[in-house]
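> Give me a 3D structure for the following:
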Amino acid sequence: MAITSKPTNAHLRTNVSIGQWPAENFPQPCLDIVHETGNPERWAWLEVSDTVCLVVLSNSLLAAHPGMCLTEPCITVASAVMGALDHSVDPCHDFYNFACGGWVRNNPLPEGKSRWGPFSNLWERNMAVMKHLLENTTVKGLSKAEEKAQRYYKACMNETKIEELGAQPLQELINQTGGWALTGSWDKNNFQEVLRTVSANYRCSPFFTVFVSTDSKSSNSNIIQVDQSGLGLPSRDYYLNKTANAKYLNAYLDFLVELGVLLGGSEETSRSLMQEIVDFETTLANITVPQEERRDEELIYHKIQTLAPAVDWMPYLTDVFAPVPLNDSEPVVVYAKDYLQKVSDLIASTNKSILNNYMIMKVLRKMVSILDQKFQDAEQRFFEVMYGTKKSCIPRWKLCVSDTDSALGFALGALFVKATFDEDSKAIAEDMVSEIKWAFEDSLKYVGWMDQETKKAAKEKADAIYNMVGYPKFIMDPKELDKVFNDVGESQFLVFTTLISDFCAQLLLYPMSCIHRWSMTPPTVNAYYNPTKNEMVLPAGILQAPFYSRSWPKALNFGGIGVVMGHELTHAFDDQGREYDKDGNLRSWWKNSSVEAFKKQTQCMVEQYSNYSINKEPLNGKHTLGENIADNGGLKAAYKAYMNWIAKNGEEATLPALGMTNHQLFFVGFAQVWCSVRTPESSHEGVITDPHSPSRFRVIGTISNSHEFSEHFGCKADSPMNPKHKCELW
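Numbers count the residues shown, from 1 in each chain. This next block holds a predicted model:
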């Protein structure tokens, strides 16, 4: 028997307690319930929240109530779900606040954070695990790569040495690059040399970005690719809408000025020089193409051999991709053809001192976080304005764990996987992916707007998706792992940038050795789909609570990690992924009639999400279209897969105290993954730059298109979460 009751006094604590005591030791509200039900001799009891008391008879209850899960994991997760809910909200009116209202109330934004949610909370837990692994140097039998990760972390933690060096490492880099106008006049004619140095040695991307990746139209080969580069601020919008973004532009300028002063410039000289840089970046912003206009990759792909004339391309590419031998006939794919011509014209017409100052500033920005405290304090003051973060003293170890993960993530990942990842979880996750894939493919039969021939090809593509779960196999082989990190020196100031440069060269020389290459490290709390390889990747870092637990009801696992799996799979069929065939080649494989029908169907989502706003700022439904398609398709596929699991295995036991069916729990589990708090500044930045919708709309936008949601929550037609007109695609 499970009994829920409103307590008559405030004896209940807000934390979870699970245990077994004589009845006389119960808090009074629980004792009242025990008396009402016959006052048995011994009970197990649980405080679910400050408003609900759950009492269970420990020994006989499971046998008496087989339809309820009363294991410790079930009781614990029931408590977590209950604590996140807000029962005062009608789920059919605002499902996000119903599912997350309690969580938001109980999770004020942590100091120093601009946003917080289950993703960031899990990453913090993973970082704590990694800290322990990196600091535990007494473990025997580690590979050389794993030991290297520990030494790298230890060097990062040597604050005494870092403070002693101060700005010296950066000043030496600047001097080696040719200096700049901060501390003296500038009339050097060395643009080409400086561009090569900052691009090849420090992996900065002034003016444009150059990299090696899979050729979208020949997925078995890699090719040099050129695209427009990022700006100092997160988006071109910050520069172009100066009135709305004045405080951010002013904070950015003040930050750059402070960096200039820390490097020996006077306040006056630094302000003059940095203002020129901001003005130059504003010009760059004007010629940068907005992301929402770059979503059709067929239109922006250009394979050419003649690039913009302002750059000496052969010496440049030779330096960037050394030691790979290149020649004048080397093919290059350009994704920003018009931009590249405009930036070439801009380089030709701009004062050479400004160009040099801009390039050195890019190096400066990249190195700030690894310099002494004065530089980090300056960056923190900028972040306080940019993202609304409250000033805090972030422990050094967190920076060093993240830095080690970036530099030697697969060596650190080997330590992480051995310490935390259960091989059973890998097998279970792979089975779930198969279930999700079946559900997606089965739904294709009922897609009314797509012709049969294209449906057949779509099923073949879904069948061909390669699943990468947990970690790449090579990290469990010490010899293979050591081979990858063999060339990383012990005393390199820029270990990571050197490694990346070498790796780019390897991609050109040995394209086939990089098939199914992981772009995320194993501890990462995320997942992705790669269209040029038709593969989906689910790192070990995300295969944990609150996304997945082997001891939880399947409803929560399908609503959590199952929706993540469905999301990544659906990316193969979003407005960009659909352009790639089952082999990862960018080509037209749909019939024209289905292409036109697809565009008509997706316009519904563009309009739906563009009608949402956060802090009175409308969302950009075109920019977020791909992620919205994936969210909607992922939820639908995961729910169908869960229904199929029930058909095979029967209904599972429900969780106690919640008063929910498992079908309702599926949707609540999905929503609670997206519970979040965020500063207004961070929300503004997200609306401008993030291809994902804000968390609230990832929930209500998706469930308001779900017939199954409204059915299980009994939402009346035309209620806010059950609009008559729904956007349907997959």
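
> just for the stretch 351-500 of the chain, where's the confidence low?
Low-confidence segments of the stretch 351-500 of the chain, defined by pLDDT under 70: 487-500.

> What lies in contact with the host helix or strand of Asn121?
Asn121 belongs to helix 118-135 when elements are defined using DSSP states H and E. By CB atoms under 8 Å, 6 or more residues apart in numbering, the surrounding residues in contact with helix 118-135 are 113, 149-150, 153-154, 397-398, 400-402, 404-405, 412, 415-416, 419-420, 523, 525-526, 541-542, 544-547, 672-675. Just so you know, the C-beta spots here come from the backbone N, C-alpha and C atoms, and that holds for glycine as well.

> Kindly recompute the last result at 6 Å.
In this structure, residues lying in contact with helix 118-135 by CB atoms under 6 Å, 6 or more residues apart in numbering are Gln150, Tyr153, Trp397, Val401, Leu415, Ala419, Pro523, Val525, Gly541, Pro546, Val673.

> Who are the contact partners of the third one?
Going back to what we said before, that points to Trp397. By CB under 6 Å, 6+ apart, the contact list for Trp397 reads Lys131.

> name the helices or strands packed onto the host helix or strand of Asn357?
For Asn357, the host element (DSSP H and E) is helix 352-367. Packed against helix 352-367, as judged by 3 or more CB pairs under 6 Å, 6 or more residues apart in numbering; DSSP states H and E, are the following elements: helix 191-200, helix 267-287.

> The helix or strand following that helix - contacts with which helices or strands?
Downstream of helix 352-367, the next assigned helix or strand under DSSP H and E is helix 373-387. Helices and strands touching helix 373-387, by 3+ CB pairs under 6 Å, 6+ apart, are helix 246-262.

> any idea which element Ser213 lies in?
strand 208-215.

> The helix or strand following that strand to helix 267-287, inter-axis angle?
Remark: after strand 208-215, the chain's next helix or strand is strand 218-228, criterion DSSP H and E. For strand 218-228 against helix 267-287, the angle by axes from the mean of the first three to the mean of the last three CA atoms, to 10 degrees is 130 degrees.

> so which helix or strand takes in the residue nearest to the spatial centre of the chain?
The centroid of the chain falls nearest to Asn526 when counting by CA atoms, centre = their mean (5.2 Å). According to DSSP H and E, Asn526 maps onto no helix or strand at all.

> begin at 45 from here
Got it, the first residue is 45 from now on, which makes the last one we talked about Asn570.

> What's the separation between it and Ile586?
Note on Asn570: its distance to Ile586, by CB to CB, to the nearest Å, is 6 Å.

> With Lys286 instead?
Lys286 is 39 Å from Ile586, by CB to CB.

> could I have stretch 275-287 exported to CSV, CA atoms only?
Extracted in CSV, the C-alpha atoms of stretch 275-287 (Å, rounded to 0.1, in the frame of the first residue of the first chain):
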residue,chain,number,x,y,z
LEU,A,275,33.9,37.6,-34.4
GLY,A,276,35.1,38.8,-31.0
LEU,A,277,31.5,38.9,-29.8
PRO,A,278,29.1,35.9,-30.2
SER,A,279,27.3,37.2,-33.2
ARG,A,280,27.2,39.9,-35.9
ASP,A,281,24.0,41.2,-34.4
TYR,A,282,25.9,42.6,-31.4
TYR,A,283,27.8,44.9,-33.8
LEU,A,284,25.0,45.9,-36.1
ASN,A,285,22.2,46.6,-33.6
LYS,A,286,24.3,49.1,-31.6
THR,A,287,21.5,50.7,-29.7
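
> Buried residues, that stretch. List them.
The neighbour-count check on stretch 275-287 (16 or more other CB atoms under 10 Å) flags Gly276, Leu277, Pro278, Ser279, Arg280, Asp281, Tyr282, Tyr283 as buried.

> Could you list which of those residues belong to helices?
Asp281, Tyr282, Tyr283 (DSSP state H).

> I'd say the last one and Ile331 touch.
No - applying CB atoms under 6 Å, one finds Tyr283 not in contact with Ile331, separated by 11.2 Å.

> Touching stretch 226-238 from outside, list them.
Thr221, Gly222, Gly304, Gly308, Gly309, Leu317, Asp356, Lys396, Ser397, Leu399, Asn400, Met403.

> Return the member of these nearest to Arg339.
Met403 (30.1 Å; CB to CB).

> ok, how many other residues are close to that closest one?
Neighbour count for Met403, taken as other CB atoms under 10 Å: 24.

> circling back: show the buried residues in the contacts of stretch 226-238.
Here, 16+ other CB under 10 Å leaves Thr221, Gly222, Gly304, Gly309, Leu317, Ser397, Leu399, Asn400, Met403 buried among the contacts of stretch 226-238.

> re the thing from before, what lies in contact with the helix holding Asn401?
214, 218, 224-225, 230, 235, 238, 242, 246, 248, 250, 303, 317, 320-321, 324.

> Having no further points to raise, I will conclude here.
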